[in-house]
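Undergrad: Give me a 3D structure for the following:
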Amino acid sequence: MGAMTLGGVSLGMMRWLASRHTKARAEREASRWLMVTINRRPEEVVPDGRLPEPLARLGESIEVQVREAPGDRGTELGARPLMSVPTGVEEVMARLGGEDPRQAVRRALRESKGLVETGEVLVPDDLSTRPPTPTGMLVDLAARRAGGEGRL
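TA: The predicted structure follows:
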């Protein structure tokens with residue numbers, strides 16, 4: 001019974017998420033810049049025009065933008081995928097499966113920020129102190145699946 005309920009909730013959640021995206025909104029989302037602010041000058045972020053390794057790894061599949069952050073607060077580093085981005089139910093399935101191209105861009109931006117600011121890619125500690133209850137296991141699963149979207 002619990003699996004059927006969980007499956008029903010998942011399907012209902014997928015339908016709700018998919019219904020929030022109209023075609024125009026999906027096109028705006030697909031072309032939207034994903035940005036991070038890095039507490040370094042632009043010449044430190046992209047020395048000699050070389051991108052930080054996590055972004056360079058994505059190669060020709062992304063478009064990158066570097067500019068000074070307002071108020072002398074470092075550098076804004078932005079990127080967006082050049083490939084088509086799934087929409088509707090396909091988007092939900094791609095996100096759940098870790099195959100949404102925006103997830104790779106978000107991860108690369110996050111890793112680039114850590115690498116430029118600290119010299120290493122920072123990984124959050126596992127803060128799980130929940131007992132192994134069904135709810136706790138569900139939260140842990142969601143946290144593991146959120147790797148391309150940040151921390152829950």
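Undergrad: Now do the strands in the protein.
TA: Assigned by DSSP state E, the chain shows strands spanning 34-38, 62-68, 75-81.
Undergrad: Please tell me I have it right and Val36 contacts Leu109.
TA: Yes: between Val36 and Leu109 there is a contact under CB atoms under 8 Å: 4.7 Å. Bear in mind the C-beta positions are built from the backbone N, C-alpha and C, glycine included.
Undergrad: shared neighbours, those two?
TA: Shared contacts of Val36 and Leu109, defined by CB atoms under 8 Å, 6 or more residues apart in numbering, comprise Leu77, Gly78.
Undergrad: thinking again about what came up before, packed most tightly, which of the strands of the chain would that be?
TA: Counting by mean count of other CB atoms under 10 Å, strand 75-81 has the highest mean neighbour count of those, with a mean of 21.
Undergrad: any chance of the strands of the chain in TSV, plus mean pLDDT?
TA: Supplementary listing: the strands of the chain in TSV, determined by pLDDT from 0 to 100:
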stretch	mean pLDDT
strand 34-38	95
strand 62-68	95
strand 75-81	94
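Undergrad: export these to a markdown table and tack on distance to Val139?
TA: Formatted as a markdown table, the strands of the chain follow (distance: least, CB to CB, whole Å):
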| stretch | distance to Val139 |
| --- | --- |
| strand 34-38 | 26 |
| strand 62-68 | 32 |
| strand 75-81 | 29 |
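Undergrad: Tell me which of the ones you listed lies nearest to Glu117.
TA: strand 34-38 (6.2 Å; CB to CB).
Undergrad: any idea of the angle that closest one forms with strand 75-81?
TA: Following axes from the mean of the first three to the mean of the last three CA atoms, to 10 degrees, one obtains 160 degrees for the angle between strand 34-38 and strand 75-81.
Undergrad: Provide the contact partners of strand 34-38 at residue level.
TA: 45, 69, 73-80, 102, 105-106, 109-110, 112-113, 116-117.
Undergrad: ok, 7 Å please
TA: Applying CB atoms under 7 Å, 6 or more residues apart in numbering, the contact partners of strand 34-38 are 45, 69, 73-80, 102, 105-106, 109-110, 113, 116-117.
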